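**Q** Okay, predicted coordinates and the sequence, questions at the end:
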Amino acid sequence: MNVHESEKLYASFAARGTVPAECAEEANVIVLNTCCVREGAETRVIGNLGYVKKLKERNKSLIVAVCGCMTQQADVAEKLHKRCPFVNVITGTYKLSRLPEMTEKAEKEGIFILDLEKDESVPRGANEAMRRTPASAFVNIMYGCNNFCTYCIVPYVKGRERSRNAADIECEVRRLIDEGRREIVLLGQNVNSYNDGDTDFRGLLDRLSSLPGDYWIKFMTSHPKDLSDDVIKIIAERPALAKYIHLPLQSGSDRILALMNRKYDITSYMRKIDLIRELMPEAGLTSDIIIGFPTETEEDYEATENAVRRVGYNNLFTFIYSKRTGTPAAVMDGQVPEPVKKERIARLIDIQAGIANAAAKKCVGKTYRVLCDDSDGGRHTGKTSDDRVIVFDGEARTGEFTDVIVTHAKNSKLYGKVK
Ligand code: SF4
């Protein structure tokens, strides 16, 4: 999601005549768009600012701005200002489109600007973004989150859920398809709770998948408590909706899910998985798992292992639990020792590798419609509707669909040739 925020930032600078520099050394303005969802963001930003400081020493007129969810936290923004007084502008997540004005003002008036004011209004019209991928395009459908999972900082830094107008989204998607984009990825922290007052997420998928053209639509992220049967059914029915769902499980233990405030249990999660498998046996499923949430026992971990084996995900994004200051889980008793977390995550990665390798073998000999998104010297990379990556040879054009037969698999990686 931050990638798309940066694409929109590029567009707002471009609208005022700014052009991208070839490299940091040639830039007049440097913007660091930060994220604090994963551990270590602050350390990385401070590290990058160390280099930017050297550039500023060489070029006194260089304007430096830091924005995004890390600096939306007032205490972090203050600390950053004290530690890096050469930064000219600090803002958070709400005013990204105003950043070009802020940097101009900081330059003209020689002042430091700190703007963390919340603005939960949703702009009307199509979002302008400088998208760098020829084949696919991200489209925000909503912002913020109401869920307050106990480990997550997002609701505190991105505010409450708010949906964009469905007609605006449709207009933006139509334009992207007309421009030749073959893959539209709808973005939101919890796309299943999309609702602009008239249209819910199923209704939005209905509108978008009825547009003329040759394209597919993917979306992320789904919340298991809000993924409705109606949404699963329309994905199964419509050719323009990719057969792929990222459905973060986080833990296979009901006790841990309750502590995480996820508001579903393993039975209801598996009921959705079963419906997906019944209607779309070939659908690609991926998930996020957090290992070592406070008080996680060996039994809780094993419940996660069992869930992972039962679903058979194409891919799993595994994370070791780490504290986010300001979230309820950060002050929970029963923090799990690091060596235990590391040992458990290693076991889970091993299990998932076995599942993915076996699934990859089953793909050999099958033909897939692949969206080619990169080519290098006659060798291409592309994605299937169920979000598998295939490396293939033959005549293909970046940004176009091609039928590819899978000739072999190396571990979980698929290789093929144009059919
Ligand atoms: S649903 Fe939970 S994990 Fe996802 S952004 Fe919202 S609070 Fe964070």
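**A** Looks like it arrived, so ask away.
**Q** ok now do Ile357, which residues does it touch?
**A** If you look again at residue 357, you'll see it is Asn, not Ile. Asn357 is in contact with 409, 411-412, counting by C-beta atoms under 8 Å, 6 or more residues apart in numbering. (Each C-beta comes from the backbone N, C-alpha and C, glycine too.)
**Q** now the helix or strand harbouring Glu78, how far from the chain's geometric center?
**A** If you go by DSSP states H and E, Glu78 is part of helix 74-83. Here the centre of helix 74-83 is set off from its chain's centre by 26 Å, with C-alpha atoms, centre = their mean, to the nearest Å.
**Q** Output the contacting helices and strands for the next helix or strand after that helix.
**A** Where DSSP H and E defines the elements, the next helix or strand beyond helix 74-83 is strand 89-91. Judged by 3 or more C-beta pairs under 8 Å, 6 or more residues apart in numbering; DSSP states H and E, strand 89-91 is in contact with strand 63-68, helix 74-83, helix 99-109, strand 113-115.
**Q** Relative to Met102, how far out is the residue of the chain most remote from its centre?
**A** What lies farthest from the middle of the chain is Glu109; by C-alpha atoms, centre = their mean that is 36.8 Å. Computed as C-beta to C-beta, to the nearest Å, the Glu109 to Met102 distance reads 11 Å.
**Q** what do these two both touch?
**A** Shared contacts of Glu109 and Met102 (C-beta under 8 Å, 6+ apart): none.
**Q** how many other residues sit next to Arg388?
**A** By the criterion of other C-beta atoms under 10 Å, Arg388 has 22 neighbours.
**Q** Check the gap between it and Asp350 for me.
**A** Counting by C-beta to C-beta - Arg388 and Asp350 are separated by 21 Å.
**Q** any idea where the helices of the stretch 301-419 of the chain begin and end?
**A** Under the criterion DSSP state H, counting those that start in this stretch, the stretch 301-419 of the chain carries helices at the ranges 338-363.
**Q** ok, which stretches of it are strands?
**A** Counting by DSSP state E, counting those that start in this stretch, the stretch 301-419 of the chain has strands at residues 315-320, 367-376, 379-384, 389-393, 401-410, 413-418.
**Q** For the ones you listed, could you give me TSV that also reports distance to Ile153, mean pLDDT and mean neighbour count?
**A** Below are the strands of the stretch 301-419 of the chain laid out as TSV (distance: least, C-beta to C-beta, whole Å; pLDDT from 0 to 100; neighbours: other C-beta atoms under 10 Å):
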stretch	distance to Ile153	mean pLDDT	mean neighbour count
strand 315-320	14	96	16
strand 367-376	31	94	17
strand 379-384	30	96	21
strand 389-393	30	97	18
strand 401-410	38	97	18
strand 413-418	34	96	19
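**Q** of all these, which lies closest to the ligand?
**A** Of all these, it is strand 315-320 that lies closest to the ligand, at 11.1 Å by C-beta to the nearest ligand atom.
**Q** how big is the angle separating that closest one from helix 338-363?
**A** If you take axes from the mean of the first three to the mean of the last three C-alpha atoms, to 10 degrees, strand 315-320 sits at 180 degrees to helix 338-363.
**Q** returning to what we had before: which of the helices and strands packed on strand 89-91 sits most buried?
**A** Here the criterion is mean neighbour count by mean count of other C-beta atoms under 10 Å, and of these the winner is strand 63-68, at a mean of 23.
**Q** From the contact counts, what lies against that one?
**A** Contact here means 3+ C-beta pairs under 8 Å, 6+ apart; on that basis strand 63-68 packs against helix 2-14, strand 29-34, helix 41-58, strand 89-91, helix 99-109.
**Q** Let me know the secondary structure of the residue of the stretch 251-400 of the chain found nearest the ligand.
**A** In the stretch 251-400 of the chain, the residue that lies nearest the ligand is Arg262 (7.4 Å; C-beta to the nearest ligand atom). Using DSSP: H, G, I helix; E, B strand; the rest coil, the secondary structure recorded for Arg262 is coil.
**Q** Flag every residue of the stretch 101-250 of the chain that's near the ligand.
**A** 145, 147-149, 152, 154-155, 189-190, 223 (C-beta under 6 Å from any ligand atom).
**Q** could you dump the residues you listed to JSON lines with secondary structure, distance to Glu78 and neighbour count?
**A** As requested, those are arranged in JSON lines below (DSSP: H, G, I helix; E, B strand; the rest coil; distance: C-beta to C-beta, whole Å; neighbours: other C-beta atoms under 10 Å):
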{"residue": "Cys145", "secondary structure": "coil", "distance to Glu78": "25", "neighbour count": "22"}
{"residue": "Asn147", "secondary structure": "coil", "distance to Glu78": "28", "neighbour count": "18"}
{"residue": "Phe148", "secondary structure": "coil", "distance to Glu78": "24", "neighbour count": "13"}
{"residue": "Cys149", "secondary structure": "coil", "distance to Glu78": "26", "neighbour count": "21"}
{"residue": "Cys152", "secondary structure": "coil", "distance to Glu78": "23", "neighbour count": "21"}
{"residue": "Val154", "secondary structure": "helix", "distance to Glu78": "21", "neighbour count": "22"}
{"residue": "Pro155", "secondary structure": "helix", "distance to Glu78": "21", "neighbour count": "17"}
{"residue": "Gln189", "secondary structure": "coil", "distance to Glu78": "26", "neighbour count": "20"}
{"residue": "Asn190", "secondary structure": "coil", "distance to Glu78": "30", "neighbour count": "20"}
{"residue": "His223", "secondary structure": "coil", "distance to Glu78": "33", "neighbour count": "20"}
